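Asks: Build me a model from this:
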Amino acid sequence: MISLNGSSFLNNTGISGSCNTFHRAQIRRSAPSSVVTFASNRKPGDQKGSVLMESTLKEMKDGSSVVDVDNKPIAAGGVQDVYGEDRATEDQFVTPWTVSVASGSSLLRDPHHNKGLAFTERERDAHYLRGLLPPTVASQELQVKKMIHNIRQYQVPLQKYMSMMDLQERNERLFYKMLIENVEELLPIVYTPTVGEACQKYGSIFMRPQGLYISLKEKGKILEVLRNWPEKNIQVIVVTDGERILGLGDLGCQGMGIPVGKLSLYTALGGVRPSACLPITIDVGTNNEKLLNDEFYIGLRQKRATGQEYAELIDEFMTAVKQNYGEKILVQFEDFANHNAFDLLARYGSTHLVFNDDIQGTASVVLAGLVAALKAVGGTLSDHTFLFLGAGEAGTGIAELIALEMSKQTNAPLEETRKNIWLVDSKGLIVSSQKESLQHFKKPWAHEHEPIKELVDAVKDIKPTVLIGTSGVGRTFTREVVEAMAFINEKPIILALSNPTSQSECTAEEAYKWSQGRAIFASGSPFAPVEYEGKVYAPGQSNNAYIFPGFGLGLIMSGTIRVHEDMLLAASEALAEQVTQEQFEKGLIYPPFTNIRKISAQIAAKVAAKAYELGLATRLPQPKDLVKYAESCMYTPAYRSYR
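Replies: Numbers count the residues shown, from 1 in each chain. Modelled structure (predicted):
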């Protein structure tokens, strides 16, 4: 319990007292009993609202206790070592006792409650802040104006990222207010593409631990580790093992930037409370030699664990999560390699509330873009032919959801609708003659056809109306490929989805230029507007941030216990409905991010409605107006007034 009015406090061990008067406490050790002395010298990163108590004490012969203080003069007028810290040695320990008290300097160092210069005169008196702040009282709006000005002074995106993360650690509500009000400008900073560079350099820029790190060292103790996290009412976990970070490969423990970034979007875009979000990295080693030899690398210095050792650690983690947080905890798998991603989703999909954003979230947002694009090109999904470059978790996940939607619209068997979809992997077009050697998730896409090695030849032969890139390899939609798409189609739909920007299959400028301005284009990472022959084209961004925050909110607010594929279809339909005719005329197939919280509320309502329809929702009775209910559930970062 944290008191903000100076009345009482209670820490996790049950120590209670008053903010103004501390009762003496007796601490029993093998040494004589002692009186605890309190000192407000909490450092950033300590448990929120804590007051550090460190003492070296000595019991008097008469039974009373006093602090053992050396009263000798201090050289050069230095501060006396009242708490014995300077005299402590490796053999004479000090104990970091903590008590939750949100006042004074500890309140200023608590990111959940700190308001900086926005503390009012009355709050400064009530919470012992006099003299700890300059005399000016500044509004939150003025603070946002100042911070966004400071962020814009940086020329390097990574510096902007570091400044944003520093703000998040100092003043949580200011961070989210600034992100919400400047979402189109700051989204590429806190998430893709900048977060990719941040993960690559995470060891070098690491300042304060964010999230929970679970490594092989914690095997057998994962439940205990989860209980070390200070927040207890967790609703959503984003977890990665760092093996396939964006299109950058194995970044090991440094993949933590992804769960941290995803969860900041859960809050900013979906309104999930920050205290209900838990980022986790599972560290089983890395096969990245560069990182293993990097002196600043923060993870285990060993090759990746695989097989039974890996499976046992993940199984212990999933069991502990459910035991600690209950049936309705949402676990989002993020950036796992293909060989684990599909298996984990299949293994835990029937026993836990799990969601893989790379497979399901990407599929949902791409399907929404395609449904919207059909308003410009005409026809239904089943009238179109789809060709993918990339047959990993993103590619096959998108393909399956498209096939499911076609099956739903036409009542045709799924096996039939899959025949409209073709996939190309690193070996060429996936065909039935390769079926025996294919990974299981590629087999449904092995159709009768002669093998084709090159993408451009596949385009000319298959004649797709939609070309989708999920390869993670940059510049693979060459001029020849785009021109072939433009020759076949009046309005070719080209989606270059790989992240970050450097891995995009082609740029927006290339797509518009090589198609003579006829392409309907969207990418995974943002591209600036393009001018071609006097017309300005606004490329869309097929960003998962359109889907997963609202999708997660819908699951949470309805108390859903399992994810069903119909919920993903509902999310896609809800997003596609948000694109206006005016936006279509500009070439957009996604709405602007400026309205993302309203969009997320619509998606959450549709997802929740589907959960109630399927009997998977546990929060009863069902609210009459799910959109209004979703909006009422959303976290708002405006400062609160303290008593």
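Asks: remind me which residues of the chain are low pLDDT?
Replies: 1-101 (pLDDT under 70).
Asks: Tell me the strands beside the lengthiest strand in the chain, with direction?
Replies: The longest strand of the chain (DSSP state E) is strand 277-283. Within its sheet, strand 277-283 is paired with strand 212-215 (parallel), strand 236-240 (parallel), according to DSSP bridges.
Asks: Report the distance from the helix or strand harbouring residue 268 to the chain centre.
Replies: Assessed by DSSP states H and E, residue 268 sits inside helix 257-270. Relative to its chain's centre, helix 257-270 lies at 4 Å (CA atoms, centre = their mean, to the nearest Å).
Asks: Next, the angle from it to strand 277-283.
Replies: In terms of direction (axes from the mean of the first three to the mean of the last three CA atoms, to 10 degrees), helix 257-270 departs from strand 277-283 by 160 degrees.
Asks: which is the next helix or strand following the longest strand of the chain?
Replies: Using DSSP H and E, the first helix or strand after strand 277-283 is helix 289-292.
Asks: List the neighbours of that next one that are in contact with it.
Replies: Residues outside helix 289-292 that contact it (CB atoms under 8 Å, 6 or more residues apart in numbering): 203, 250, 251, 252, 254, 286, 297, 299, 301, 302. In this view, the C-beta of every residue, glycine as well, is placed from N, C-alpha and C.
Asks: in that helix, what's buried?
Replies: Buried positions in helix 289-292, judged by neighbour count with 16 or more other CB atoms under 10 Å: 291, 292.
Asks: Give me the distance from it to the chain's centre.
Replies: That offset, for helix 289-292, works out to 25 Å (CA atoms, centre = their mean).
Asks: Repeat that for stretch 177-192.
Replies: The answer for stretch 177-192 is 13 Å, by CA atoms, centre = their mean.
Asks: and if you look at stretch 348-359?
Replies: 16 Å.
Asks: Would you work out how far apart the start and end of it are?
Replies: End-to-end distance of stretch 348-359 (CA to CA, to the nearest Å): 15 Å.
Asks: Let the chain start at 42 from now.
Replies: Okay, residue one is now 42; in that scheme the one you just asked about reads as stretch 389-400.
Asks: got the contact list for it?
Replies: For stretch 389-400, the external contacting residues (CB under 8 Å, 6+ apart) are 303, 359, 362-363, 368-377, 382-383, 385-386, 402, 434-435, 437-438, 585, 589, 592-593, 596, 601-604.
Asks: Put the buried members of the residues you listed into a ChimeraX selection.
Replies: Only the buried entries of these go into this ChimeraX selection, using 16+ other CB under 10 Å:
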select :303,359,362,363,369,370,371,372,373,374,375,376,377,382,383,385,386,402,434,435,437,438,585,589,592,593,596,601,602,603,604
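Asks: Return the subset of the contacts of stretch 389-400 lying in strands.
Replies: Using DSSP E, the contacts of stretch 389-400 in strands are 371, 372, 373, 374.
Asks: which two in those are spaced the farthest apart?
Replies: The distance between the two most remote of the ones in strands among the contacts of stretch 389-400 (CB to CB) is 10.8 Å, for 371 and 374.
Asks: So which bits of the helix or strand hosting residue 442 are buried?
Replies: In this structure, residue 442 sits in helix 434-451 according to DSSP H and E. For helix 434-451, a neighbour-count test (16+ other CB under 10 Å) marks 434-448 as buried.
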